[in-house]
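In: I need the structure of the sequence given here:
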Amino acid sequence: MGKAERNRKRRRQHSGRGGAWTDVPPNAVRGGTQAAVTLAADIFEETQMPCRAIFMDDPMLGGPQATVIGIQADGSVVTDGKAINPSPVVLFEPVKAMMVKDTRTGTVHEARTEGIISGGFHRVPLGVMASMPAEGWGLYRTATGLMLRDTFGGVWAEGTLDLDPAWVSEATSYGWVTVLFGPRLGIRVPPGKSAQSYTLQQRIAEFRQGRSEGLCAAASVKWHPAVPKETMSWVLLPAGIFGQPLPLAYMPQFNFTHLGGPETFGFVQTPERFADVPTALGLAADVTPTDVDLFQPHLDEGLNFVGGYRVSAGATDPGYTAWRKDAHAHGRILVITGHQDFPAGPEFLHDKPQDVVERARQVVRSSYAATVLVSETPRRPPLA
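Out: Below you'll find the predicted structure:
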């Protein structure tokens, strides 16, 4: 048995997730093909993921730390014995990973980890726990947890969790939070394990292995303690809402910000009569069994995406099935884009209906509107 085979066998034996992640499956798609592009888009567009907020003295990161005051001849460090006030850390662990192999060199990388590194994060190998700033990135507190946004305002990761007031206090005091991102951070529970049986030692081992395989990226990210005033949520409303015939999609206006704003595409301040809403210019909607994507059909696929929404239940959701059917029947949808949260969801079930309707009308009046044609040609072919 050669050295490479011994290493692969060792990785399989110590992995908590089965075979080594570098073992390419026989049904892998070839890079540069439409199937690979579709697969990458599906993975990169899934921003909801498990996350965990901890401090730098957590056992996952090596335990309590102290100030180094010297280095001995054998390389060991001398500390002053005083524990450093631990800084806040958040870990985002994607549910899906996309392994990419360079057939020329044989090296294997994880696509989303490489993507966030090219965007400003840096790799965290074993033995080095550095956290250099990623300028322009932001970690935002939301109504349900945390959200990581890049320099363009795009959402890279969202997690639902109850934040410890002490953690929030330290994050606000520092103004920055160390963010770790990668598919092997010891947060998710592997198949065959439970939250109780997956021990701390096993989680630490997974985290260390992920770092040794280059699967951990980190950066110091600016902390935004207040819930953003600008909405990040889409809402789909059925045909007939507000007395107009089209299915409606309410989307965050930030999707248009880096493109010059919604007016660039012919959107207007929502008029009193929906019959006066114009048709968007240079914009189309791709309405699939699982997604609603707005894109610029005159641009190449890699550049044409404007914004999109993935329906969690997809084809099994009767409400979305009816919405999609109406969208294709009419050949267009009504898109309203604004900065405010649209009053929809279970949290409004106990409010007075007239109050919810009035709030919805107020949001619509302060937003921009246009009808968008439903494309007969998919933005990208489905993955076979």
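In: only C-alpha atoms for contact and neighbour calcs from this point on.
Out: Will do.
In: burial measure for Gly345, as a count.
Out: By other Cα atoms under 10 Å, the residues close to Gly345 number 8.
In: Revised request: answer the last question for Ala275.
Out: Ala275, neighbours per other Cα under 10 Å, totals 9.
In: How about Leu236?
Out: Leu236 has 18 nearby residues by other Cα under 10 Å.
In: did I read that right, it in a strand?
Out: Yes - assessed by DSSP: H, G, I helix; E, B strand; the rest coil, Leu236 belongs to a strand.
In: ok, now which ones touch the closest residue to it other than its chain neighbours?
Out: Nearest-residue entry for Leu236: Ala249, 4.6 Å, with adjacent residues in sequence omitted and distances by Cα to Cα, 6 or more residues apart in numbering. Going by Cα atoms under 8 Å, 6 or more residues apart in numbering, Ala249 touches 234-237, 333-336.
In: want to throw those residues into a markdown table with pLDDT and distance to Phe121?
Out: Below are those laid out as a markdown table (pLDDT from 0 to 100; distance: Cα to Cα, whole Å):
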| residue | pLDDT | distance to Phe121 |
| --- | --- | --- |
| Trp234 | 91 | 28 |
| Val235 | 93 | 32 |
| Leu236 | 95 | 34 |
| Leu237 | 94 | 38 |
| Ile333 | 97 | 38 |
| Leu334 | 97 | 38 |
| Val335 | 98 | 34 |
| Ile336 | 97 | 34 |
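In: Which members of the residues you listed are classed as buried?
Out: Buried by 16 or more other Cα atoms under 10 Å: 234-237, 333-336, out of the contacts of Ala249.
In: Mind picking the two most distant members of those?
Out: Longest distance between any two of these is 14.1 Å, between Trp234 and Ile333; criterion Cα to Cα.
In: still on that earlier bit, pick out whichever of the buried ones among the contacts of Ala249 sits closest to Thr377.
Out: Nearest to Thr377 among those, with distances taken as Cα to Cα, is Ile333, at 15.7 Å.
In: Secondary structure element for that closest one, which one?
Out: For Ile333, the host element (DSSP states H and E) is strand 332-338.
In: ok now that strand, how far from the chain's centre?
Out: Its chain's C-alpha centre and that of strand 332-338 lie 23 Å apart, by Cα atoms, centre = their mean, to the nearest Å.
In: Give the pairing partners of it; include direction for each.
Out: strand 248-252 (parallel), strand 368-374 (antiparallel) (DSSP bridges).
In: Under the pLDDT cut-off, which ranges of this protein? List them.
Out: The chain contains residues with pLDDT under 70 at 1-42, 63-69, 75-84, 127-128, 312-315, 381-384.
In: Residue most distant from the centroid, it?
Out: Ala73 (45.7 Å; Cα atoms, centre = their mean).
In: Which residue is the nearest non-sequential neighbour of the most centrally placed residue in the chain?
Out: The centroid of the chain falls nearest to Thr47 when counting by Cα atoms, centre = their mean (2.3 Å). Nearest non-adjacent residue to Thr47, counting by Cα to Cα, 6+ apart: Ala157, 4.6 Å away.
In: coming back round to it: got the contact list for the residue nearest to the centre of the chain?
Out: 94, 155-158.
In: where do the strands sit along the stretch 201-350 of the chain?
Out: 217-224, 235-237, 248-252, 268-269, 279-287, 291-295, 305-310, 332-338 (DSSP state E, counting those that start in this stretch).
In: how many degrees apart are the third one and strand 291-295 in direction?
Out: In other words, strand 248-252. Between strand 248-252 and strand 291-295, the angle comes out at 70 degrees (axes from the mean of the first three to the mean of the last three Cα atoms, to 10 degrees).
In: going forward, begin numbering at 24 instead of 1
Out: OK, 24 is where the count begins now, so the last one is strand 271-275.
In: what separates Gly168 from Phe115, distance-wise?
Out: Distance, Gly168 to Phe115, using Cα to Cα, to the nearest Å: 12 Å.
In: Now list whatever residues contact both of the two.
Out: With Cα under 8 Å, 6+ apart as the test, Gly168 and Phe115 both reach Gly182.
In: Those two: which is more packed in?
Out: Phe115 (27 against 17).
In: Was I right to think that one contacts Ile77?
Out: No - counting by Cα atoms under 8 Å, Ile77 is not a contact partner of Phe115; they are 11.5 Å apart.
In: Tell me who's in contact with His353.
Out: Counted by Cα under 8 Å, 6+ apart, His353 has contacts Leu269.
In: try it again with 10 Å
Out: With contacts defined as Cα atoms under 10 Å, 6 or more residues apart in numbering, His353 is in contact with 262, 268-270, 396-397.
In: cool, and Pro188?
Out: Contacts of Pro188 by Cα under 10 Å, 6+ apart are Ala194.
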